[in-house]
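In: Turn this into a structure:
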Amino acid sequence: MHQLALLFVVLFATILAQPLSKRTGLAPAVLMTTFGIVLALIPWVPDIRIEPELILPLVLPPLLYAAARRTSWRQFAENWAPISLRAVALVIATAAAVAAVFHAGVPAVPIAAAVALGALVAPPDPVAVTSLAGRLGLPRRLVSVLEGEGLFNDVTAIVLYTVAIQVVVTGKFSALGALWDFLVSAVVAVVVGLLLGWAGSRLMARLDEAAWQVALGLLLPFAAYGIAEAMGGSAVLSVLVCALYLTDAATDFSDSDFRLIGDSFWEITEMLVTGFAFGLIGLELSTVLRDAGPDWPRFLGSAALVIAVVVGLRLAWLLATWAIFQRGWRKRDIDEPYTWRETIVTWWAGMRGVATVALALAVPYTTDSGAPFPGRSEIQFCAFAVVLFTLLLQGPTLPAVVRWTGVQADTEAERELERSLWNRVLGAELARLKEISQRDGLPDEVYARVRDGIERRLAQADPSAADANAKLTGDRALRLRRKMGKITAEVLQAGRTEALAARREPGVPPDVVDRVMRRLDLRTAANIR
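Out: Numbering: from 1, shown residues only. Purely as a prediction, here's the structure:
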């Protein structure tokens, strides 16, 4: 099988994994990892050839950008304490604990190499966590913390990993130098991310077509990653800062076309890139086993210890921080932001993924002295063992843990919030209509018709948010709208059929037909709404 054909097979499987996920309840990330493993075990399927240093630059920017579009600065500000404790402190603690256990079990591997292993297995994957959390109906505050942890923990892990690899390769280490590099990396990343976000938002505001704006939005995360990395900054942090800035700035210049096209584009992009990334995890298993050689079973003991430390320390850390916070909440007499049951769900949701695999594959073969990198095969084997354990065991069983703990979103509170928002929207629309009526002297018939339309939309969106008259008007209008919509749909379908028939006729330019078809499609979309 050719490399290009293999890529097509993985992407095709990504599409099929979506409906299969709905039927089985398994996340697409789990299905694609399993599919990649099956492919890797087939003898005639070639090893996929992607340079390890290209995996993160190709995969992380679009995935981080897509994830950041669903959140905001305010959500991070509201949850900064639990996010920082997990994305920074827990990552450091996990790296140290894994390094200590691994070095004790394999003394031939220097402590710096063990720290590199600890750093690359420490961060849970934001894509795997989000894809699962979004399907389980978890409370919004819990999902926000999980997403925040997943987005920012890669920054800490990659810095630790880079320092540890440099120590092994060069044989030199300076604590002060490492701290300075960390600070410089963060400052450069923030500056690059803000500058690109600011410049990108200004340019997007000047572009006339939504497709151009979305295309620029695709390029900016890659630019942030590449420029920050070239300048010695944290590429991941730069992408996050740029994405969050653009998401916030988009409220000033975006229109309905930009939102509709952008949402569809990023949904498709995230689906395909995520499927490829997790399929790659399974495919690379054969490479890891080949590098480990026939003696790979002797690595099982080390892998089991590393898994136990990664999973066990996360539980101990989360329970300890929850207990500490709980005392503070009681002293201040405030409601408990999250419970021990949510803590258990958070623990079991700590799945590893793309970043862990990419960093493991990027471990150098040799040091500067020409000697083999110590423990490279064992480090990669343990890293893949952690990824497969968390994805293929924790992932499928997370729904059962959620059911057992009884953790679920407060749907009534969310509906009440949505009703409140709809009332705000209705108030703003009616106030603006009144201003226009007074300014332009609208006839009573026009004013009443527009007002009825506004109230009808509210009744259709959330009937409980409208008053009794609006509901009655909305019900009558909805029945009439459905009947008219059915008639209009049939009429528009006849027009599209005729336009498509003209496209096959000689002498009719296809681009003219396409322009007519676009207008017909827009009319259809407006009719559906």
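In: Sort out which residues of the host helix or strand of L318 are buried, please.
Out: When elements are defined using DSSP states H and E, L318 is found to belong to helix 300-332. Buried residues in helix 300-332, counting neighbours by 16 or more other Cβ atoms under 10 Å, are found at 302-303, 305-307, 309-311, 313-314, 317-318, 321-322, 325-326. Backbone N, C-alpha and C define where each C-beta goes, glycine included.
In: so who does the residue nearest to the spatial centre of the chain touch?
Out: Nearest to the centroid of the C-alpha atoms of the chain, with distances taken as Cα atoms, centre = their mean, sits A67, at 3.2 Å. Each residue near A67 by Cβ atoms under 8 Å, 6 or more residues apart in numbering is listed here: P126, V127, T130, E147, G150, L151, E270.
In: would TSV of these with secondary structure and distance to L4 be doable?
Out: TSV is the format used below for the contacts of A67 (DSSP: H, G, I helix; E, B strand; the rest coil; distance: Cβ to Cβ, whole Å):
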residue	secondary structure	distance to L4
P126	helix	29
V127	helix	24
T130	helix	30
E147	helix	34
G150	helix	31
L151	helix	32
E270	helix	22
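In: quick check, nearest of those residues to L520?
Out: The shortest gap between L520 and any of these belongs to E270, at 29.5 Å (Cβ to Cβ).
In: Okay, that closest one and L183: tell me how far apart.
Out: Taking Cβ to Cβ, to the nearest Å as the measure, E270 and L183 are separated by 32 Å.
In: Which one of the two is surrounded by more residues?
Out: When E270 and L183 are compared on other Cβ atoms under 10 Å, the one with more neighbours turns out to be E270, at 20 against 10.
In: Counting neighbours, what do you get for R298?
Out: 12.
In: of the contacts of A67, the lowest pLDDT goes to which?
Out: Of all the contacts of A67, T130 carries the smallest pLDDT score, 67.
In: Dihedrals phi and psi, L56?
Out: L56 adopts backbone torsions of phi -60, psi -50, taken as degrees, to the nearest 10.
In: so what's it closest to, chain neighbours aside?
Out: The shortest distance from L56 to any residue other than its chain neighbours is 4.7 Å, reached at A358 (Cβ to Cβ, 6 or more residues apart in numbering).
In: Using the three-state scheme, assign the one you found.
Out: With DSSP: H, G, I helix; E, B strand; the rest coil as the basis, the three-state label of A358 is helix.
In: wait, doesn't G148 sit right on F76?
Out: Yes. Assessed by Cβ atoms under 8 Å, G148 is found in contact with F76 at 5.5 Å.
In: joint contacts of those two?
Out: With Cβ under 8 Å, 6+ apart applied, the overlap between the contact sets of G148 and F76 consists of I83.
In: Compare neighbour counts for the two and give me the winner.
Out: G148 (22 against 19).
In: that older thread, which one among the contacts of A67 gets closest to S72?
Out: Looking at the contacts of A67 and their distance to S72, the nearest is E147, at 10.9 Å (Cβ to Cβ).
In: ok, that closest one to N153 distance?
Out: Distance from E147 to N153, by Cβ to Cβ: 11 Å.
In: Can you tell me the element S201 falls in?
Out: Secondary-structure element containing S201, defined by DSSP H and E: helix 175-206.
In: Now whichever helix or strand comes after that helix: average pLDDT?
Out: Downstream of helix 175-206, the next assigned helix or strand under DSSP H and E is helix 210-230. Regarding helix 210-230, the rounded mean pLDDT is 91.
In: how about helix 210-230: buried residues?
Out: Counting neighbours by 16+ other Cβ under 10 Å, the buried set in helix 210-230 is 210, 213-214, 216-217, 220-229.
In: Distance of A292 relative to I15?
Out: In this view, A292 and I15 are 33 Å apart by Cβ to Cβ.
In: D514 versus L520, what's the distance?
Out: Here L520 is placed at a distance of 11 Å from D514 (Cβ to Cβ).
In: the more surrounded of these two?
Out: Summary of the neighbour comparison: L520 and D514, criterion other Cβ under 10 Å, with L520 having more neighbours (16 against 11).
In: surely that one meets T497?
Out: No. Using Cβ under 8 Å, L520 and T497 do not qualify as a contacting pair, with a distance of 10.3 Å.
In: all helices of the stretch 251-400 of the chain, in order?
Out: Using DSSP state H, counting those that start in this stretch, the helices of the stretch 251-400 of the chain run over residues 256-292, 300-332, 340-348, 354-361, 376-389, 395-405.
In: Turn those into JSON lines, columns for distance to C242.
Out: As requested, those are arranged in JSON lines below (distance: least, Cβ to Cβ, whole Å):
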{"stretch": "helix 256-292", "distance to C242": "15"}
{"stretch": "helix 300-332", "distance to C242": "29"}
{"stretch": "helix 340-348", "distance to C242": "28"}
{"stretch": "helix 354-361", "distance to C242": "18"}
{"stretch": "helix 376-389", "distance to C242": "28"}
{"stretch": "helix 395-405", "distance to C242": "30"}
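In: what about the ones you listed, which gets the closest to V91?
Out: helix 300-332 (10.4 Å).
In: And the closest one, what does it pack against?
Out: Helices and strands in packing contact with helix 300-332 are listed as helix 80-84, helix 91-105, helix 111-121, helix 340-348, helix 376-389; criterion 3 or more Cβ pairs under 8 Å, 6 or more residues apart in numbering; DSSP states H and E.
In: Format those helices as a markdown table; extra columns: mean pLDDT.
Out: Supplementary listing: those in a markdown table, determined by pLDDT from 0 to 100:
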| stretch | mean pLDDT |
| --- | --- |
| helix 80-84 | 81 |
| helix 91-105 | 94 |
| helix 111-121 | 94 |
| helix 340-348 | 88 |
| helix 376-389 | 91 |
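In: ok so, going back, nearest to L426 among the contacts of A67?
Out: After measuring the contacts of A67 against L426 - Cβ to Cβ - the closest member comes out as E147, at 30.8 Å.
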